[in-house]
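> Sequence plus predicted model, see below.
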Amino acid sequence: MTADASVDPDDPDALRRRTVIRRARTADVRGIRDLVAPLAARRVLVSKEAVTYFESLQEFRVAELDGRIVGCGALHVMWEDLAEIRTLAVADDMLGTGLGGRLLEELVDDARQIGVERLFCLTFEVGFFARHGFTEIEGQAVSAEVYAELLRSYDEGVAEFLDLERVKPNTLGNHRMLRTL
Ligand SMILES: CC(=O)SCCNC(=O)CCNC(=O)[C@H](O)C(C)(C)COP(=O)(O)OP(=O)(O)OC[C@H]1O[C@@H](n2cnc3c(N)ncnc32)[C@H](O)[C@@H]1OP(=O)(O)O
C-alpha cells in the first residue's frame with residue numbers, strides 16, 4: 001500500500017471517485033483472500049483454498065483504491081435462469097461508503113447481461129440485501145427437476161443453496177434471499 005492509499009473518512013466523495021470497480025485479475029487473488037480471511041474467521045463468509053479463487057476468478061469483480069483491493073464480489077451461475085451472489089466483502093475502513101452497493105449492482109448488471117433472471121444469496125446482511133431488492137425465501141427456489149440436476153454438482157455453494165443436511169453447520173443463522181431481475 002502506498003502512502004496516498006490511506007482512506008480519508010472526511011471526504012467520501014473523493015473516495016468514491018478514486019475507487020474503481022473492475023473485473024478481477026489473477027494478481028488480485030491475494031487481496032481477495034486478505035479481505036475474506038477475517039470474515040471467514042468470524043464465519044461470516046466461507047473460507048476457500050487459493051486454488052478455488054483462481055478457478056472462479058472470472059466470476060469476480062473487485063474494487064481497487066490506489067492499488068489496494070478494498071472490495072470484492074462474485075456471480076456464480078447455477079442454472080439457466082439462476083445465479084448466486086458470492087463473497088461480497090468490503091474492507092473495514094470502507095464500510096458504509098456505498099461500495100458494497102456498487103459492487104452488488106455491477107454483479108446484477110453482469111447477471112442481466114448473461115440471461116440470469118433470479119439471484120440468490122445466503123447472508124447475515126438481511127437489511128443490506130433487502131434494500132437491494134432481495135426478499136427472504138423459505139424452502140426451495142427451484143423445481144424438483146432442477147433440484148435433482150443441481151444435486152449432481154460438486155460445488156459446496158450449490159449444496160448450501162439446496163440446503164443439504166451435510167452443509168447446514170456452514171449456513172447456520174444465514175438467511176436465504178432471492179431477487180428477481
Ligand atoms: C452473498 C454474500 O456474499 S453474503 C455475505 C455478505 N457479506 C458479508 O456479510 C461480509 C461482511 N460485510 C460487508 O463486507 C459489508 O457490510 C457489505 C458488503 C454487506 C456491505 O458493504 P458496504 O460497503 O458497507 O455497503 P453500502 O455502503 O453500500 O451499504 C451499507 C450502508 O451504508 C449506507 N450507505 C450506502 N451508500 C452510502 C454512501 N454513499 N455514503 C454513506 N453511506 C452509504 C447505507 O445506508 C447502507 O445501509 P444498509 O446496510 O442499512 O443498507
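Sure, I can see it.

> So residue 75 belongs to a strand, correct?
Yes. Assignment of residue 75 by DSSP: H, G, I helix; E, B strand; the rest coil places it within a strand.

> what's the neighbour count on it?
25 (other Cβ atoms under 10 Å). All C-beta atoms are positioned from the backbone trio N, CA, C, and that covers glycine.

> go on, residue 127?
Residue 127, neighbours per other Cβ under 10 Å, totals 8.

> State which one residue of this protein is found closest to the ligand.
Residue nearest to the ligand within the chain: residue 100 (2.1 Å; Cβ to the nearest ligand atom).

> what's the strand or helix carrying that residue packed up against?
Assigned by DSSP states H and E, residue 100 belongs to helix 99-113. The contact analysis (3 or more Cβ pairs under 8 Å, 6 or more residues apart in numbering; DSSP states H and E) places helix 99-113 against strand 19-23, strand 60-65, strand 68-79, strand 82-90, helix 126-131.

> Export these to JSON lines and append columns for mean pLDDT and distance to residue 40.
What follows is the helices and strands packed on helix 99-113, written out as JSON lines (pLDDT from 0 to 100; distance: least, Cβ to Cβ, whole Å):
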{"stretch": "strand 19-23", "mean pLDDT": "97", "distance to residue 40": "22"}
{"stretch": "strand 60-65", "mean pLDDT": "98", "distance to residue 40": "16"}
{"stretch": "strand 68-79", "mean pLDDT": "98", "distance to residue 40": "13"}
{"stretch": "strand 82-90", "mean pLDDT": "98", "distance to residue 40": "10"}
{"stretch": "helix 126-131", "mean pLDDT": "98", "distance to residue 40": "19"}
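
> Adding distance to the ligand, write the ones you listed out as JSON lines.
Formatted as JSON lines, these follow (distance: least, Cβ to the nearest ligand atom, whole Å):
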{"stretch": "strand 19-23", "distance to the ligand": "10"}
{"stretch": "strand 60-65", "distance to the ligand": "9"}
{"stretch": "strand 68-79", "distance to the ligand": "7"}
{"stretch": "strand 82-90", "distance to the ligand": "4"}
{"stretch": "helix 126-131", "distance to the ligand": "4"}
